[in-house]
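Colleague: curious how this folds, go ahead:
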Amino acid sequence: MFLPIVECIYIPSDEGEAVTYLSSLVEQHPKIAARAERTLAATSSARAALEALVEDGTFERISEGYAHCLEEKACKLEEEVRRYEFDE
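Modeller: All right, here's what the predicted structure looks like:
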């Protein structure tokens, strides 16, 4: 059975943070650059551009709180890997 891998994004409540986040998404996913730029030009809102990427099915949306929780867990795992590599 094939299960697709769906990428999730969050939409920051702060517009400045949304600009930074949208920029990093465009760097990671060049195929979305043109759509994101068009939406950004039309709305002057990075949050709206992120919303459009969720609405068109490019990404699934998760809450900002859950995103920060995942980020914390990822940082802890990275620390654990570094400790493990250092011990070897």
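Colleague: now do the strands in this protein.
Modeller: Using DSSP state E, the strands of the chain run over residues 8-9, 60-61.
Colleague: can you check which helix is longest in the protein?
Modeller: helix 64-87 (DSSP state H).
Colleague: flag every buried residue along that helix.
Modeller: Neighbour counts over helix 64-87 (16 or more other CB atoms under 10 Å) mark residue 67 as buried. Just so you know, the C-beta spots here come from the backbone N, C-alpha and C atoms, and that holds for glycine as well.
Colleague: now do it, average pLDDT.
Modeller: Taken as a whole, helix 64-87 has a mean pLDDT of 89.
Colleague: now swap in stretch 43-51 and tell me
Modeller: Rounded mean pLDDT across stretch 43-51 is 96.
Colleague: likewise for stretch 22-29?
Modeller: When pLDDT is averaged over stretch 22-29, the result is 93.
Colleague: what comes up buried for it?
Modeller: Buried, per 16+ other CB under 10 Å, within stretch 22-29: 22, 25, 26.
Colleague: out of those, who's nearest residue 74?
Modeller: Nearest to residue 74 among the buried residues of stretch 22-29: residue 25, at 16.6 Å, using CB to CB.
Colleague: if we can go back for a sec, which of the strands of the chain sits most buried?
Modeller: Stretch with highest mean neighbour count among the strands of the chain: strand 8-9 (a mean of 15; mean count of other CB atoms under 10 Å).
Colleague: residue 14: how many residues sit nearby?
Modeller: 12 (other CB atoms under 10 Å).
Colleague: list the contacts for the nearest residue in space to residue 58 that is not next to it in sequence?
Modeller: For residue 58, ignoring the flanking residues on the chain, the nearest one in space by CB to CB, 6 or more residues apart in numbering is residue 32 at 6.1 Å. Contacts for residue 32 (CB atoms under 8 Å, 6 or more residues apart in numbering) come out as 25, 26, 53, 58.
Colleague: of the residues you listed, just say which sits nearest to residue 87.
Modeller: Using CB to CB, residue 25 comes nearest to residue 87 of these, at 35.3 Å.
Colleague: noted, bye for now.
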